[in-house]
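S.K.: Got a sequence here, can you model it:
(2 chains)
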Protein chains: 2
Amino acid sequence: MTDKNIQLTSTISSDNKLTLALQEIDMPQPKADEVVVRIEAAPLNPSDLAVMFSVADMSTAQQSGNEQNPVISAEVPKKFMSAVKTRVDKATPVGNEGAGTVVAAGSSAAAQALMGKMVAVIGGGTYRQYHCVNVKSCLPLKEGTTAKEGASSFVNPLTSLAMVETMRAEGHKAIVHAAAASSLGQMLNRICLADGIDLVNIVRREEQETLLRDMGAKYVVNSSKDSFLADLTAAIAETGATIAFDPIGGGQLASDILNCMEAAITQDVTEYNVYGSDTYKQVYIYGALNRGPITLNRNFGFAWGVNGFLLFNALSKLGTDTVMSMRKRVADEITTTFASSYTHEVSLAEVLDMKSIAAYGKQATGEKYLITPQK
Amino acid sequence: MTDKNIQLTSTISSDNKLTLALQEIDMPQPKADEVVVRIEAAPLNPSDLAVMFSVADMSTAQQSGNEQNPVISAEVPKKFMSAVKTRVDKATPVGNEGAGTVVAAGSSAAAQALMGKMVAVIGGGTYRQYHCVNVKSCLPLKEGTTAKEGASSFVNPLTSLAMVETMRAEGHKAIVHAAAASSLGQMLNRICLADGIDLVNIVRREEQETLLRDMGAKYVVNSSKDSFLADLTAAIAETGATIAFDPIGGGQLASDILNCMEAAITQDVTEYNVYGSDTYKQVYIYGALNRGPITLNRNFGFAWGVNGFLLFNALSKLGTDTVMSMRKRVADEITTTFASSYTHEVSLAEVLDMKSIAAYGKQATGEKYLITPQK
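M.R.: Coordinates of the predicted model:
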């Protein structure tokens, strides 16, 4: 084991500048309940970009430094500075998850049991070479699982599973999912197919429609078509979906979904109710692909909710038993139901390359980056 | 007991016309668990206007008929007709609540026990002279309570109490209330004063500020002032309010409330969290004083909800025991905590007078109509 340890950090300075850079840090020493994981693979998810780019205007990004030690700078619009004041002048480590081998372990039995094992880890800046984490933040992977296979064991698998478990816990029977061709969406589609749950996939391009149908999706509606609202209403009527998950937020998709649900529910009703149907309709917003205002045009009565949805909050609502069985399922099915695929593998230095940034910054379906910090 | 029975109905016809009229109906015969209540007083609430005027354009209203039998007609904009298609060509009885004496009772013990009693009733068109209701829809009033005192025993008292009970059930400790100078708002203010709960009242005019302060309200903020957002944030920081009730809906007040809550919660936080605070923030929208779109400008993280709030749904969530003790409290305190005052008393015919309509149609603070169907 080497003494060298490098991490990727994102810093917003008080002069309205974002700096992304590699930083040499100490090799960590694990406490009793901690292990040191040699991070061999870590995915670039939208939630990582939110920390990395934050509120900077990436169209102003410039590269400096050298090949081993690239530095990216970008301007932060002044109006956003107050929103990020608590991170100003602090080098923030990036990376929510990853996988690798446990190379050092604390004195506790739980830590020692992981020694030499391949684990997935969650939290705290995984875009580094050696990461020290509590054993609770580790998911031991099945014998033979590679770091690449296990790199995305938390964010997408647990979020998509949490959607299904939330649907069950809150008494709904089918799901509407927006931006459904994403990695997470494909995973949700596989879970729903496996568990016999009807899933209404909303996409905005024809090739995404094809992609999901080829993966067995039965209900795919395209929001770019003129028939979108009618198509969505018909799919909701057929499936009885009354819960939706939307990573977009801004705009009126949440509103459209609620209105289509209400239309589907009341299409055979003959009795007028000034308050709308009393069937509860829920949209959870779990991202901000569109940061603009959410606009709700109420034609959906009074039995509705639009709520933020965040993995950690959702897990704590679901409870320990459910979460433990979710984690087990992820580990068991990481190469099937929860498999992720990547189009590019890059080193820590290559993450800070202008061309890479332009590509993964688009957050487009079909482009997925994996970081291999040992390269 | 006379044989005459008259009710007020609202009809939207397929030729896009709203008609409000009095209709002679049969004197009802109670079934075993029913009683006939001689309605002596019934309030005109915003929720009644929603049934009465519905989607008609009341600026086109015209009066015809005669003094005993006035008829109001108004145009319904064509674009709204599909939203009310299930009530087209049906004479819809108006009136959600009222009070009066039980003049006939069914054979059950529960029904017989109410014979001759003064009761408040909920549901089914109380703007009539004799109303037949299930005993469960009756609240027996204390000896000596008048019909006028008991007329508003359900909608405002139970809604304001349901807000307080929902706050408790969902683990919040103080409340934000919008349009807080309304009859309901004044009631909520009295409940909160009695129960020692901090209430942040949002009003939009100075005289409403004075009105509430004169009634003992400690926190009153005026949304017309330039300092509104700062004032609201300060009041929320002081009270720790994380739940709000808003009867307006349209516009960005719900969003402002959530953003002020988040600002209050995070004002002393030094650690940056890309997902915002994990303190859950809730806005319930219980009306549509503004029917325009609800606009949410998200600077409030991911732990939030904006939900519709409807009395009957809220009661069923709170459960039977809580609801029974709420009803008892209303009956016990109907002349104090839950007292309503009225500026006008009108007969059924006088409700359909153009001048009355112009006055109560405004839904302005300080104007409150009581209908006395026996006049």
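S.K.: Helices of the stretch 251-375 of chain A, residue ranges please.
M.R.: A:253-266, A:311-318, A:320-332, A:348-351, A:354-360 (DSSP state H, counting those that start in this stretch).
S.K.: to the chain's geometric centre, what's the distance from the second one?
M.R.: If I follow you right, that is helix A:311-318. 14 Å (C-alpha atoms, centre = their mean, to the nearest Å).
S.K.: any bit of it sitting next to chain B?
M.R.: Yes. For helix A:311-318 and chain B, the contact criterion (C-beta under 8 Å from any C-beta of the partner chain) is met by A:312-313. Just so you know, the C-beta spots here come from the backbone N, C-alpha and C atoms, and that holds for glycine as well.
S.K.: contact partners of that helix?
M.R.: Applying C-beta atoms under 8 Å, 6 or more residues apart in numbering or on different chains, the contact partners of helix A:311-318 are A:155, A:158-159, A:162, A:165-166, A:169, A:323, A:326, B:278, B:280, B:302-303.
S.K.: try it again with 10 Å
M.R.: With contacts defined as C-beta atoms under 10 Å, 6 or more residues apart in numbering or on different chains, helix A:311-318 is touched by A:47, A:96, A:122-123, A:154-156, A:158-159, A:161-163, A:165-166, A:168-170, A:284, A:286, A:307, A:310, A:322-323, A:325-327, B:275, B:278, B:280, B:301-303.
S.K.: same thing with the last one?
M.R.: Taking contacts as C-beta under 10 Å, 6+ apart, the residues outside helix A:354-360 that touch it are A:20, A:44-46, A:48-49, A:52-53, A:58, A:61-63, A:70, A:72, A:74, A:343-344, A:346, A:350-351, A:353, A:367-369, A:371.
S.K.: circling back to that earlier point, mind checking which of the helices of the stretch 251-375 of chain A is nearest residue A:187?
M.R.: Residue A:187 lies closest, by C-beta to C-beta, to one member of the helices of the stretch 251-375 of chain A: helix A:320-332, at 10.0 Å.
S.K.: Can you work out which other helices and strands pack against the closest one?
M.R.: strand A:118-122, strand A:138-140, helix A:155-169, helix A:311-318 (3 or more C-beta pairs under 10 Å, 6 or more residues apart in numbering or on different chains; DSSP states H and E).
S.K.: show me what contacts residue A:205?
M.R.: Contacts of residue A:205 (C-beta under 10 Å, 6+ apart): A:181, A:211, A:222-224, A:365.
S.K.: Which ones among these lie within helices?
M.R.: Among these, DSSP state H puts residue A:211 in helices.
S.K.: is it true that residue A:142 touches residue A:335?
M.R.: Yes. Using C-beta atoms under 10 Å, residue A:142 is in contact with residue A:335, at 8.6 Å.
S.K.: any shared contact partners between the two?
M.R.: A:149-150.
S.K.: So what's the residue count around the closest residue to chain B within the stretch 101-250 of chain A?
M.R.: At 6.6 Å from chain B, residue A:249 is the closest residue in the stretch 101-250 of chain A, using C-beta to the nearest C-beta. Neighbours of residue A:249 under the rule other C-beta atoms under 10 Å in any protein chain shown: 22.
S.K.: Just to check, it is in contact with residue A:307?
M.R.: No. The criterion here is C-beta under 10 Å, and residue A:249 misses it with residue A:307 at 11.6 Å.
S.K.: how close does residue A:161 get to residue B:227?
M.R.: As judged by C-beta to C-beta, to the nearest Å, residue A:161 and residue B:227 stand 46 Å apart.
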